[in-house]
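J.: any chance you could fold what I've pasted below:
(chains A and B)
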Number of protein chains: 2
Amino acid sequence: MDWKPSHNPHHTLQAQIVAWVAARIEHGDWAAGTRLPAQRELAARWGVNRSTVQAAIDELRAEGLLETRRGSGAYVSGSAWNALLARSQPNWQRHIRASVHKPNRHTIRLINDHEPDPSLIRLGTGELSPELLPAGELERSLRDLKLDPRAIGYSEPLGSLRLRRALGVQLERIGIQTQPDNICIVSGALQALQLIAVGLLEEGSTVFHEPVSYLNSVHPFQSAGMRMLPFRHGSQLQEQLARAARGRQSLLYAVPTLNNPTGRSWNLDQRSSVYDACSELRIPIVEDDVYRDLLFAPGPLPIKAADRSGQVLYLGSLSKSLSPGLRIGWVVAPSPVAARLADVKMQTDYGSSAFSQEIAAHWLESGLYERNVEQLREKLRQRALSTQEMLNARFSELADWEPPEGGFYIWLRFRQPIVDKGLFRRLLARKVLVNPGYIYDPGDLHHIRLSYAYASDEDMRTGLEVLREEAERASRT
Amino acid sequence: MDWKPSHNPHHTLQAQIVAWVAARIEHGDWAAGTRLPAQRELAARWGVNRSTVQAAIDELRAEGLLETRRGSGAYVSGSAWNALLARSQPNWQRHIRASVHKPNRHTIRLINDHEPDPSLIRLGTGELSPELLPAGELERSLRDLKLDPRAIGYSEPLGSLRLRRALGVQLERIGIQTQPDNICIVSGALQALQLIAVGLLEEGSTVFHEPVSYLNSVHPFQSAGMRMLPFRHGSQLQEQLARAARGRQSLLYAVPTLNNPTGRSWNLDQRSSVYDACSELRIPIVEDDVYRDLLFAPGPLPIKAADRSGQVLYLGSLSKSLSPGLRIGWVVAPSPVAARLADVKMQTDYGSSAFSQEIAAHWLESGLYERNVEQLREKLRQRALSTQEMLNARFSELADWEPPEGGFYIWLRFRQPIVDKGLFRRLLARKVLVNPGYIYDPGDLHHIRLSYAYASDEDMRTGLEVLREEAERASRT
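T.: Have a look, this model is predicted:
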């Protein structure tokens, strides 16, 4: 809604609003049943008095284009006029409902829809706050970029060779030996999962994941018709996987270092026993390692570093450690698997932005990346400390948490099972947006994922205060 | 294969090669049955004598890692050692074969695989030659780019508002009225088709397309389980579509301006009759208009410009007119449809590169884009003229063609049905890569898509000479 009526000798503000709304309905932008924003909001957006909005809505209602329902505002009417219109329009809603891709879950949709609202305090957002993004440094670095005409055409299927070489050097530091044809550049780790889902798995395959998992909040595998099953660490792991896979194709997905949302990392024992069980059963492992560079202190090497049999698909990304706007991630895999993923990617979007790839290569080669990540780690560590102080002062009677070892998250556990949709909505009504635990573990009513990477110190303090009040109220009832 | 053996006092070149090949097999990069490149090629890549390659292969064969087949070179062996190895590896080939996404067709795979080979003359490549890409201008423009920290985080679902506003101005010039929420930014038009396929259609839907169509060479709809059906212009169009759709969901895809591969445009009559038939049947139209800015003279407005009912999804892109490396395209649609596509895109790759979007917005706003496109049109017109002169001199007895009205292509029609896989392969053996008509129309044996946008004048001349010789030979037999 970028439009505003203007002062115009020939058309009153009201007439302009009426014409504009009618055009929206006629062009199919607003289907029957669409609810209009509140009058107050419309008045603010259009820069007119609320009485003008009211008059325009009355006129549109008289024309049969809108109908009003008591207490819930104005809607595009489903009346005769619209029925007529609908006959000449594709039934987009039916198209959308029936299509292959499933709509995102309700809470996640609410979170996505509200995240752009600057008036909200976002306590759980899994991204770097704008002030943690090196915008100035990136802007300056663009001046040093040399663009070879060959680099800005369509990309090779695996992505820029220059970037893959730079990543090879980076990967070697964490014990992963690669050749450039083991690396497929993707537009972020989520796209990697999408390519793996459609490129390497058949419908009905089983995807094993940790009980509390980022995978429950995104649906690359479910959308492609895969069955999701949680696995648990322990001595019975191999039997557990073998029984559940029932001889069908399967794959195990995990974030062994700085899990999203719990922030926990696997110990060496857990790493080797998962690797061994999967090797024995020939189940590929997808090791999602996008938070590694944000470890406050060095941790165990990736599982991929000890992979002797091409069993592990390793995912990395610059979204958490440099800029999500680059949309640059990578998969490390045996070369036929990397080629396969690249082939599917070429059929999907003809490769990632050449400009992003050049910028990424320049940052990795020049040492800018390493320097940025060192500073970022320190800033995140400070934010983690400050958030823990706030938690200590407010939540020691209500909840428990572990000090984070890196990354973005504190997995706050309330002693009472109070984290339900009601709490989420009450917080939202008070302008505080949280990521409730149930989006990562459907049965969970105890947790909230806090992110100290996004909210400012002041917002964090205010938001936690609201959270404490609502949590106390919920605990009492 | 980026690796080379080095001169090393402790390991002979042969020993290094043996160790490296063994590691590739052990790590799963080269599965049993993988064919090694020819010895000559390996020698060149590794910078060693062919006798060293031979000795290394002999040693690997003695160890049971390779086997050789008379006349066809060396393969990774399927013997005991490998069987042992295979037990500890996921069966990647089975994963790939069984997966949801279908491998690209054979000729298209061959084209994709050979396009990076700089020794080939590419007569049909559908992209701008590096010398037509404004690399220097782009490089300079990066210096003027201002990066707001907010612009380099995750993007809004619909994409950068700044870019959508700039596109709105551009679209208005070709008669398309939009608001920013009618525009969804995508990573090129192919991704738009992918999003439409999974976001708006159910499995088993019918996609109508022109008999000779780009859609036969890419598979966004087929991969999502849709049925493809050609339609023909004419007075029976509506009956034709109604009968074929059989009441199921359907959609009509077309490139009405400068079709790929034929270069033809629809006249006003064809435009309005397709629009009317689809309106009557409530079949959405996908109007792919990525070549519009390359019209040598102004042509009819897009169908979308006359769309009164939100029936047409309009696709545009910067890949043909600025740089494919940007990976920036757009869909214009009723706002609920744009929002739906954006939602699916967020679940796929979290949006397009913010850097590419900023560059695109800067080029559109500043007039750099318009200036570039004027120059580009003129250069393409010159190339089209020069290619037609070459054709006149060589093919007037063998083939027919129409003078191109813009874009990249000449749809060369041989009088004899000689354009089969045999001709394609013979040309490839002579280092000339063509796009045969049968990849755009499965039954076609008459056409080749020539592109004057890629090959240099000299390459075009040499390539056409080879094509004439092979075509004459084929016509005689």
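J.: skipping adjacent residues, who's closest to the residue in the stretch 151-300 of chain A that chain B sits nearest to in space?
T.: Distances between the stretch 151-300 of chain A and chain B by CB to the nearest CB are smallest at A:Ile152, namely 3.6 Å. In short, each C-beta sits where N, CA and C put it, glycine included. What sits nearest to A:Ile152 in space, not counting adjacent residues and going by CB to CB, 6 or more residues apart in numbering or on different chains, is B:Gly325, at 3.6 Å.
J.: equivalent analysis for A:Leu252, please.
T.: A:Phe208 (4.3 Å).
J.: secondary structure class for the one you found?
T.: The local conformation at A:Phe208, judged by DSSP: H, G, I helix; E, B strand; the rest coil, is strand.
J.: measure the spatially closest residue to A:Thr125 that is not a sequence neighbour to B:Gln14 for me?
T.: Among residues not flanking A:Thr125 along the chain, A:Tyr454 sits closest, at 3.9 Å (CB to CB, 6+ apart). Separation of A:Tyr454 from B:Gln14 (CB to CB, to the nearest Å): 56 Å.
J.: who has more neighbours, these two?
T.: The neighbour count for A:Tyr454 versus B:Gln14, taken as other CB atoms under 10 Å in any protein chain shown, is higher for A:Tyr454 (25 against 19).
J.: related to what we said a few turns ago, burial count for the residue nearest to A:Leu252?
T.: A:Phe208, neighbours per other CB under 10 Å, totals 26.
J.: that one touches A:Leu241, doesn't it?
T.: Yes - the pair A:Phe208 / A:Leu241 is scored as a contact, 6.4 Å apart, by CB atoms under 8 Å.
J.: near chain B, which residues of the stretch 201-350 of chain A?
T.: A:201-203, A:218-220, A:223-225, A:249, A:279, A:282-284, A:307-311, A:319, A:323-327, A:334-337, A:340, A:343-344, A:346-350 (CB under 8 Å from any CB of the partner chain).
J.: which residues does the residue of the stretch 151-300 of chain A closest to chain B contact?
T.: A:Ala354, A:Phe355, B:Leu133, B:Ala135, B:Leu138, B:Ser323, B:Pro324, B:Gly325, B:Leu326 (CB atoms under 8 Å, 6 or more residues apart in numbering or on different chains).
J.: what about the helices in the stretch 151-300 of chain A?
T.: Taking DSSP state H, counting those that start in this stretch, the helices of the stretch 151-300 of chain A run over residues A:161-172, A:189-200, A:220-223, A:237-245, A:268-281.
J.: for the contacts of A:Ile152, give me JSON lines that also has distance to B:Gly234.
T.: Output for those, formatted as JSON lines (distance: CB to CB, whole Å):
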{"residue": "A:Ala354", "distance to B:Gly234": "43"}
{"residue": "A:Phe355", "distance to B:Gly234": "45"}
{"residue": "B:Leu133", "distance to B:Gly234": "40"}
{"residue": "B:Ala135", "distance to B:Gly234": "46"}
{"residue": "B:Leu138", "distance to B:Gly234": "45"}
{"residue": "B:Ser323", "distance to B:Gly234": "39"}
{"residue": "B:Pro324", "distance to B:Gly234": "35"}
{"residue": "B:Gly325", "distance to B:Gly234": "41"}
{"residue": "B:Leu326", "distance to B:Gly234": "39"}
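J.: any idea which of those is closest to A:Gly124?
T.: A:Phe355 (31.0 Å; CB to CB).
J.: my guess is that closest one is in a helix, correct?
T.: Yes - the assignment for A:Phe355, made by three-state DSSP, places it in a helix.
J.: distance check, it against B:Gly325.
T.: Separation of A:Phe355 from B:Gly325 (CB to CB) stands at 6 Å.
J.: please name the spatially closest residue to A:Glu203 (chain neighbours excluded).
T.: A:Gly225 (3.8 Å).
J.: what's the distance between the one you found and A:Ile196?
T.: For A:Gly225 relative to A:Ile196 (CB to CB), the value is 14 Å.
J.: can you list the low-confidence ranges for chain A?
T.: Filtered on pLDDT under 70, chain A yields the residue ranges A:1, A:9-10, A:26-27, A:78-105.
J.: mind giving me the domain ranges of it?
T.: A:13-98, A:106-127+A:372-476, A:146-366 (automatic domain parsing).
J.: mean neighbour count, these: which tops it?
T.: domain A:146-366 (a mean of 21; mean count of other CB atoms under 10 Å in any protein chain shown).
J.: end to end on that domain, go ahead and measure it.
T.: Terminal residues of domain A:146-366 lie 13 Å apart, using CA to CA, to the nearest Å.
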